[in-house]
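Undergrad: I would like the atomic coordinates for the input below:
(chains A and B, ligands or ions: 2)
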Amino acid sequence: MRRAGVVALNTFREAVRDRVLYNLVFFALLMIAASVAVGQISIGIEQTVIVSLGLSAISVIGLLISIFLGVALVSKEMDKRTLYALLAKPVRRSEFLLGKFAGLVLTLAVNTAAMALGLLLAMLYVKHSLERSDTVVLVAVYFILLKLALIVALALLFSCFTTPLLAILFTVGLYIAGLYVQELRNLPIEVMSPPMSAFTKWLSYLLPNFENFNVMAMAAHGRVVPGALILQNTLYTVVYCTIVLTAAAAVFSRRNLK
Amino acid sequence: MPDPAIEIENLTKEYPFGFLHLKKRTSLEGLSMQVEMGDVFGFIGPNGAGKSTTIKLLMGLIFPTAGSARILGKPISDVEMHRDIGYLPEQPYFYDYLTAAEVLDYFARFHDLTAADRKDRVDRMLKKVGLETARKIQLRKYSKGMLQRVGLAQAILHDPKVVILDEPMSGLDPVGRREVRDIILELKKDGKTVMFSTHILSDAETLCDRVGVIVGGKLRGVGAPGTLVDMKTLGMEILFELTKPSNVPLLSSATRTGECYRLQVPEQELYGAIEQLRGAGARILSVSQVKATLEEFFMNLVEADRAQGAAVEVSEQ
Ligand SMILES: Nc1ncnc2c1ncn2[C@@H]1O[C@H](COP(=O)(O)OP(=O)(O)OP(=O)(O)O)[C@@H](O)[C@H]1O
Ligand SMILES: [Mg+2]
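TA: Ligands and ions are numbered 1, 2, ... in the order given. Prediction:
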């Protein structure tokens, strides 16, 4: 566990030195531009516009980072052969994977927190004050972070057994599928043939369900997110990530480095 | 008797290739050998012989198709055993966003060392491999030889009992090679076991207690460098200069480099040849024995292997 922590901190350091956090400049510029524009044109819907725009940007930037860096976590170390010297140290491959995962999630957490702060500042600018109900924005940001952790775990799993390009495609595909899981669950399985309905049911549970993570509409209108949903999403993420990472470790521990 | 440091039994590695991975290429075939505690063991063989394959198998970077190996009495799948072994990969590459000091400190963190001990070791190692002045430079700006030195430093950083080096001299300047030789001898003096692969046969000959020769994935000979080759004298070599032009028949079989001539004759014809040369007014510079070297042993094996390989290719057509 301590060794995984060492790997995680180095992964974070790598992200920082590779200037991953520079995306924050882009986000800041976007927020400033939006705040100024909103202040000039609309009356009454500043909150909705700024929150929707800010949360979307946080989500998209986070997705880009988690997919591309998530796939690169392991494949880059294999390609560049930096892994050789590391695995000769007393460190298990599973510890290495866990460390890589934790390191990127830490990076995303720092990045997302900084963006959340930027969003709150933008809200303060357009509304001139913040209320208690605005904490829902933080819940929305937390859900985005949970979603990103899931994406990183999936990207890591795919990169353990296929090429980086395919891993990116699989991850993106699964993310998009995950947005529509609820639709799949709502299909009228009674009218299907038994094997088909069983397949649909299994698929809907196997796919990551991102539906519950989207509370943007609630946040934009300052509605309260129930505590049960927070707990449910947290548990869901922990369990799903554990399963995916265990699978990744099982694949990676048997893999021949080239 | 104590356990051998490294015990390899019937180690075999096949790589699948071709359509659906149906065909297999054997990189290593039934390798069995041992490296005794405290020995310096040289692993030599031509390109593609299977040296790196063996070493990567030992380090658990790739997995054997058959066979097993033990290091310090523990199976190679035991990661905790890595506390006591050091490894220099072939053409090492490290995180290029870190400096030499940072990368060594990072690796040191996987061993249970205190912060002060880590710092002390990193400083000592950087000094040992001659990178003190470059310690604050990011590795992306390092030359090949400098990376090789970082690789060596990380391999011995934690004072391992067994050190496995894949071509430690490659990419190094003459000073660097000398330093590596000194480091290997120092490790031996401290009672460590060293196994290293190399293409430089003279290094293997001077440094190693024992060498193993591997060709085409098969071990072709193990033993002390002196016993491996048949040390019978092949003949005598005379080195001489001519003071005046001459047309002694012997000259036609001599090779000339600059002003010197080099002539190889069977031992029993030595005195006759010297007489002839004296008659021709030659000045004799030296007379020495020609012995079979590790190099010749090596060359013979490789040639034999090539001949065999060619035969197989023909029969496959
Ligand atoms: N990942 C791989 N896939 C397929 N074949 C491989 C792979 N790695 C090595 N080989 C094959 O295994 C054989 C042995 O390779 P190895 O790297 O062990 O040679 P070596 O003795 O270290 O050579 P060199 O002196 O050039 O470093 C070669 O024929 C090589 O083509
Ligand atoms: Mg090699």
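
Undergrad: Contact partners for residue B:41?
TA: Residue B:41 makes contact with B:6, B:35, B:193, B:194, B:195, B:196, B:208, B:209, B:210, B:211, B:212, according to Cβ atoms under 8 Å, 6 or more residues apart in numbering or on different chains. C-beta here means a position set from N, CA and C on the backbone, and glycine is covered the same way.

Undergrad: 6 Å - rerun?
TA: Listed by Cβ atoms under 6 Å, 6 or more residues apart in numbering or on different chains, the contact set of residue B:41 reads B:35, B:195, B:210.

Undergrad: Make sure it is indeed in a helix.
TA: No - counting by DSSP: H, G, I helix; E, B strand; the rest coil, residue B:41 is not found in a helix; it is strand.

Undergrad: Tell me how far it lies from residue B:5.
TA: Going from residue B:41 to residue B:5 by Cβ to Cβ, to the nearest Å gives 9 Å.

Undergrad: Now for the two: what residues contact both?
TA: Common neighbours of residue B:41 and residue B:5, using Cβ under 6 Å, 6+ apart, are residue B:35.

Undergrad: Just give the nearest non-adjacent residue to residue B:125, would you?
TA: In this structure, residue B:125 finds its nearest non-sequential neighbour in residue B:153, 4.1 Å apart by Cβ to Cβ, 6 or more residues apart in numbering or on different chains.

Undergrad: Give me the neighbour count for the one you found.
TA: The number of residues packed near residue B:153 is 26, by other Cβ atoms under 10 Å in any protein chain shown.

Undergrad: Unless I misread the structure, it falls within a strand.
TA: No - counting by three-state DSSP, residue B:153 is not found in a strand; it is helix.

Undergrad: Show the contacting residues for it.
TA: Counting by Cβ under 6 Å, 6+ apart, residue B:153 has contacts B:104, B:125, B:129.

Undergrad: Just the ones of the residues you listed in helices?
TA: B:104, B:125 (DSSP state H).

Undergrad: Please enumerate the strands of the stretch 1-150 of chain B.
TA: Along the stretch 1-150 of chain B, the stretches classed as strands by DSSP state E, counting those that start in this stretch are B:6-17, B:23-35, B:40-44, B:66-71, B:74-75, B:85-88.

Undergrad: Need those in TSV (columns: mean pLDDT).
TA: What follows is the strands of the stretch 1-150 of chain B, written out as TSV (pLDDT from 0 to 100):
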stretch	mean pLDDT
strand B:6-17	93
strand B:23-35	91
strand B:40-44	94
strand B:66-71	95
strand B:74-75	94
strand B:85-88	96
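
Undergrad: Out of those, which gets nearest to residue B:307?
TA: Closest to residue B:307 of the strands of the stretch 1-150 of chain B is strand B:23-35 (Cβ to Cβ; 18.4 Å).

Undergrad: strands paired with that closest one, and their directions?
TA: Sheet pairing of strand B:23-35 (DSSP bridges) gives strand B:6-17 (antiparallel).

Undergrad: Can you give the contact residues for the partner strand?
TA: The contact list for strand B:6-17 (Cβ under 6 Å, 6+ apart) reads B:23-35, B:53, B:64-71.

Undergrad: Mind checking which of the residues you listed are buried?
TA: B:26-29, B:31, B:33-35, B:53, B:64-65, B:67, B:69-71 (16 or more other Cβ atoms under 10 Å in any protein chain shown).

Undergrad: I'd like the average pLDDT over stretch B:89-100.
TA: Stretch B:89-100 comes out with an average pLDDT of 93.

Undergrad: Centre of the chain to it, how far?
TA: Relative to its chain's centre, stretch B:89-100 lies at 22 Å (Cα atoms, centre = their mean, to the nearest Å).

Undergrad: In that stretch, which residues are buried?
TA: B:89, B:90, B:92, B:93, B:94, B:95, B:96, B:97, B:98, B:99, B:100.

Undergrad: do stretch B:273-283 as well
TA: Residues of stretch B:273-283 classed as buried by neighbour count (16+ other Cβ under 10 Å): B:273, B:274, B:276, B:277, B:280, B:282.

Undergrad: In space, what's closest to the fourth one - neighbours in sequence excluded?
TA: Using Cβ to Cβ, 6+ apart and skipping the chain neighbours, the partner closest in space to residue B:277 is residue B:240 (5.8 Å).

Undergrad: and what of residue A:214?
TA: Leaving out its chain neighbours, the residue that sits closest to residue A:214 by Cβ to Cβ, 6+ apart is residue A:143, at 7.5 Å.

Undergrad: rewinding a little: which among the contacts of residue B:41 are in contact with ligand 1?
TA: Near ligand 1, taking Cβ under 6 Å from any ligand atom as the test, no member of the contacts of residue B:41 is found.

Undergrad: would you list the residues you listed in JSON lines and tack on distance to ligand 2?
TA: Below are the contacts of residue B:41 laid out as JSON lines (distance: Cβ to the ion, whole Å):
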{"residue": "B:35", "distance to ligand 2": "18"}
{"residue": "B:195", "distance to ligand 2": "13"}
{"residue": "B:210", "distance to ligand 2": "20"}
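
Undergrad: from the residues you listed, which is closest to chain A?
TA: Closest approach to chain A among these (Cβ to the nearest Cβ): residue B:195, at 13.4 Å.

Undergrad: Report the beta-bridge partners for the closest one.
TA: Here residue B:195 sits in beta bridges with residue B:41, residue B:164, going by DSSP bridges.

Undergrad: So it sits against residue B:164, correct?
TA: Yes - Residue B:195 is within contact range of residue B:164, at 5.0 Å (criterion: Cβ atoms under 6 Å).

Undergrad: what about those two, which has more around it?
TA: residue B:164 (29 against 25).

Undergrad: Kindly provide the distance from the more buried one to residue B:203.
TA: From residue B:164 across to residue B:203, the span is 16 Å (Cβ to Cβ).

Undergrad: Of the contacts of residue B:153, which is the nearest to ligand 2?
TA: Closest to ligand 2 out of the contacts of residue B:153 is residue B:129 (21.0 Å), distances taken as Cβ to the ion.

Undergrad: ranges for the helices of chain A?
TA: Assigned by DSSP H, the helices in chain A fall at A:2-17, A:23-41, A:46-79, A:83-87, A:93-127, A:135-159, A:164-179, A:181-186, A:194-206, A:216-220, A:227-253.
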